[in-house]
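K.L.:
My questions are about this predicted structure, shown below with the sequence.
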Amino acid sequence: MRSACATLEIRDEADAVDAICAAKAKGDCCAIVGGGSKSGLGRYAPQTQALSTAALTGITLYEPNELVLSARAGVPLSEIEALLDRHDQQLAFEPMDYGRLFGAETGGATIGGAIAVNAAGPRRIKAGAARDHLLGFRCVTGRGELVKSGGRVMKNVTGYDLSKLVCGSYGTLALLTELTLKVLPKPQTECTLLAIGADEAESLALLRRATATPCEPSALAMLPAGAALALDADAAAIRLEGPAISVTTRRDDLVARLARSGLRFETLDEHDSAALWRGLRDAAPVAANVGQIWRISVAPSEGFAVVERIRRAGAPMLAYFYDWAGGLIWLCVEAAPDAYAAVVRSAVDASGGHATLIRANAEARARIDVFHPQPAALAALTRRVKASFDPAHVLERGRMRAEF
Amino acid sequence: MTLFMPKPEPAIMSRRNELIARLGAILPRESLIVDEVARRAYECDAFTMYRALPLVVTLPESVEQVRAIMALAAEMNVKVVPRGAGTSLSGGSMPLEDGILLGMSKFNRILEIDYENRCARVQPGVQNLAISKAVEAQGFYYAPDPSSQIACSIGGNVAENAGGVHCLKYGLTTNNILGLDVVLMGGDLIRLGGKHLDSEGYDLIGLMTGSEGLLGVVTEVTVRLLQKPPLARGLLLGFASVAAGARCVGAIIARGVIPAGLEMMDKATIHAVERFQPCGYPLDAEALVIVELDGPQAEVDHLVGIVQDIAREEGATTIRASTSEAERLQFWAGRKNAFPAVSCIAPDYLCMDGTIPRARLPEALAGMDRLAKEQGLGVANVFHAGDGNLHPLILYDASKEGDIERAEKLGFDILRLCVSLGGVLTGEHGVGVEKRDLMGEMFTEVDLAQQMRLKCAFDPEGRLNPGKVFPTLHRCAELGMMHVSGGKMPFPNLPRF
């Protein structure tokens, strides 16, 4: 966790400009804190002060018919989700709640934080991540300048798409003040088909087969025995969402397409299905363990090979599961000073992809690269992009990369 | 209104022979076009209003050649303009007289189709439609479908973040690519993303997409493939007023239905289309809405019922739902013919591309009508209604004295109107040179300075496609030190070109 430092409350954009300009003049560096639910994420990099966005409140625009919502950065995600829910709409990217992973309360995250980490849940494979839903924003850059980008309309190619860039920038480019998001109708209902009886590799192959059917699954996970639902066997879980008549038809179609001897199917109804995916979204199967947690993103067909390489290299795996049809691996390893980074990273590099150390103590997060190392030309470009927003490294210094 | 481009630099023009000799060491003879007549073929893209003869045209066929050209350009401080299929509607690939035109047309191979990971690795010169054709037998397709899809290339789609009729449900180019290989000015090759879903570090794929060839040259694209929906059905809805049509569109979405396509056209376009090639559109309607729903049959039939109910509630004067594939295609035929049909009612037209919040459509159309009358010109409207992307077609006659200027002025006024209604200058055609000088309508100098600094991070000498997108050129060193306050630059008198 972060060491305590003075917290400055940002009440409006003018405050943010003043605070960042002052920090820049003094050579200070600032953490940006919304609900504080993600303060354990990223490299261990204590800052000289914290800028709190919690007072940047208010949903400033919501037009359900136009599928658009604007909110200031400090608005709790739960407030936005409750409002959308009343209009049968949702944030389709299913932002994860890190509370469970960090042993903190759930429901504390802000929309600004969800955007800063490019949050994405199980629906990533169908609906995309936060980056695919941010239409525009206002921010104060590390230069202390108020900048806006994008707009409130769905289709906009006017100027560079900075929305993509701030998603997943972990506060290192700018302090976000206001976000405009695309929202989408909530599916009328959902169910989850469980296929039980195949081993891990076969279950993953089954998920990939499901993505090549017209049944439009909205989430596909592979749960090793014991990972969830108190199942004592490996299982493939496939979520179907939509109008009730469509969900039933597609489930029957999917069973017909995937059926083979030795495979047993079970269906979770709307309530149980929602609970399962909420848990998987928040990495519940690995969260309860005491070890260090990696999040690995690879091509779906490579997921199993990556896990096998890590296993064979002798890293003590406490728990793991696959989301995104095998393309996302949540892995918990026994705590070690280096978090088995070399083993994990070389296993990933052999397939192409990246591994991020999500949960570890400060010592490990100070010692190893939390984010996947980059080749020289890309690392140099990344530094120049950072400098274009924040040349003095005022914002979240060292949070993503040691060099900035 | 005249377009000013950066003046050709004598230092470059005078070294043309040296440049050609050194390019000759990189490229085979047939990949280097020096002759003036042959260069003329490249003097504009689909935005034909302005033209320039490129200094020299290169058509590399390997990544190594692209890297060598970009290294040479940096070394000799020569400008480079990348070009895909040349279908840009905003002049994004318009050449520069003192610049190398870098044509990517020889990068035309599909390198790998990976059904298991539902993606394909393709070279940038591959046509958009060719990707879908290559995978259709297996039941897949590539979703973004700009109307130029038989000609436009995927590299150009990345540069412009191309959209299409289906992007409300399936997204734009930026939502459908997984990886990019990019050669930077100077020749460095960087790989972004791959076959996995999130790129590590900053989302430079997202930044590159829609950057109009100002940041790097794309040499490979990994695109997502989607499973083709089993069924699509169309609905044709006529309304007695544009406002009623717009209300119906809003009601469909409010009911939780996201159609695969949701198009609208005004009376002028309906009549032009019916005159061009009759397809049964109702001539008494002031507005026509075309809805397409796709998915499994049970779902599609269910949703068609819902949309019919909504249309009735909203007072539609015509409601037809397709019962066969032939009928669905017939509903679309008129929409697809809208541009050629309009060119039959006027000698020339200028296609604009603003986006507005959909609810403001009646105001936008009334405003456009007023502006058109001021210029004494007509306007026909087709509209991607689902996402608010408006394509007003300004009707004029180039042979008439002053008509081009009036059409251009009207176009600019319409885009200003879109911005004033909460919209943007361009939904899918790009800024290029066409809308460059309007950027100040949407952005402050501070906003633009930040975008230009990003350009500097990729291209510190401003050699890649300069003169596009940004209304003012600044040296990167100057932007780095510039203190901007209150939205104003310190040198407001700097020449705008």
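P.N.:
Looks like it arrived, so ask away. Numbering: from 1, shown residues only, chains lettered A, B, ... in the order given.

K.L.:
ok, now which ones touch the most centrally placed residue in chain A?
P.N.:
The C-alpha lying nearest the average C-alpha coordinate of chain A belongs to A:A119 (Cα atoms, centre = their mean; 3.1 Å). By Cβ atoms under 8 Å, 6 or more residues apart in numbering or on different chains, A:A119 lies in contact with A:F93, A:P95, A:M96, A:A129, A:A130. C-beta here means a position set from N, CA and C on the backbone, and glycine is covered the same way.

K.L.:
Relative to A:Y322, how far out is the second one?
P.N.:
So that's A:P95. The spacing between A:P95 and A:Y322, counted by Cβ to Cβ, to the nearest Å, is 20 Å.

K.L.:
quick one: which of those two has more around it?
P.N.:
Higher neighbour count among A:P95 and A:Y322: A:Y322, with 30 against 23, using other Cβ atoms under 10 Å in any protein chain shown.

K.L.:
part of a helix, is the more buried one?
P.N.:
No - with DSSP: H, G, I helix; E, B strand; the rest coil as the criterion, A:Y322 is strand rather than part of a helix.

K.L.:
Would you agree it is in contact with A:A305?
P.N.:
No - using Cβ atoms under 8 Å, A:Y322 is not in contact with A:A305; the gap is 11.9 Å.

K.L.:
Just want the residue of the stretch 151-300 of chain A that's nearest chain B.
P.N.:
A:K164 (2.3 Å; Cβ to the nearest Cβ).

K.L.:
so how many other residues sit close to that residue?
P.N.:
Counted by other Cβ under 10 Å, the residues lying close to A:K164 total 27.

K.L.:
re the thing from before, look up the pLDDT of the residue nearest to the centre of chain A for me, please.
P.N.:
The score at A:A119 is 96. That number is its pLDDT.

K.L.:
so what's it closest to, chain neighbours aside?
P.N.:
Spatial nearest neighbour of A:A119, excluding adjacent residues (Cβ to Cβ, 6 or more residues apart in numbering or on different chains): A:P95 at 3.7 Å.

K.L.:
For chain B, see how far away that neighbour is.
P.N.:
Applying Cβ to the nearest Cβ, to the nearest Å, the value for A:P95 to chain B is 14 Å.

K.L.:
From what I see, that residue and A:G121 are in contact.
P.N.:
Yes - taking Cβ under 8 Å as the contact criterion, A:P95 and A:G121 are neighbours in contact, 6.5 Å apart.

K.L.:
List the contacts of the residue of the stretch 151-300 of chain A closest to chain B.
P.N.:
A:K164 makes contacts with A:R131, A:L134, B:T174, B:D203, B:I205, B:G206, B:L207, B:T209, as judged by Cβ under 8 Å, 6+ apart.

K.L.:
where does it land in three-state SS?
P.N.:
Secondary structure of A:K164, reduced to three states by three-state DSSP: helix.

K.L.:
same question, B:A74
P.N.:
The three-state label given to B:A74 by three-state DSSP is helix.

K.L.:
quick one: pLDDT of it?
P.N.:
Note for B:A74: predicted pLDDT of 97.

K.L.:
Go ahead and confirm it touches B:L184.
P.N.:
No - using Cβ under 8 Å, B:A74 makes no contact with B:L184, being 9.0 Å away.

K.L.:
What is the neighbour count of the residue in chain B that chain A sits nearest to?
P.N.:
When Cβ to the nearest Cβ is the measure, chain B has its nearest residue to chain A at B:G206, with 2.3 Å between them. The burial metric for B:G206, expressed as a neighbour count using other Cβ under 10 Å, is 29.

K.L.:
Many thanks, we can stop here.
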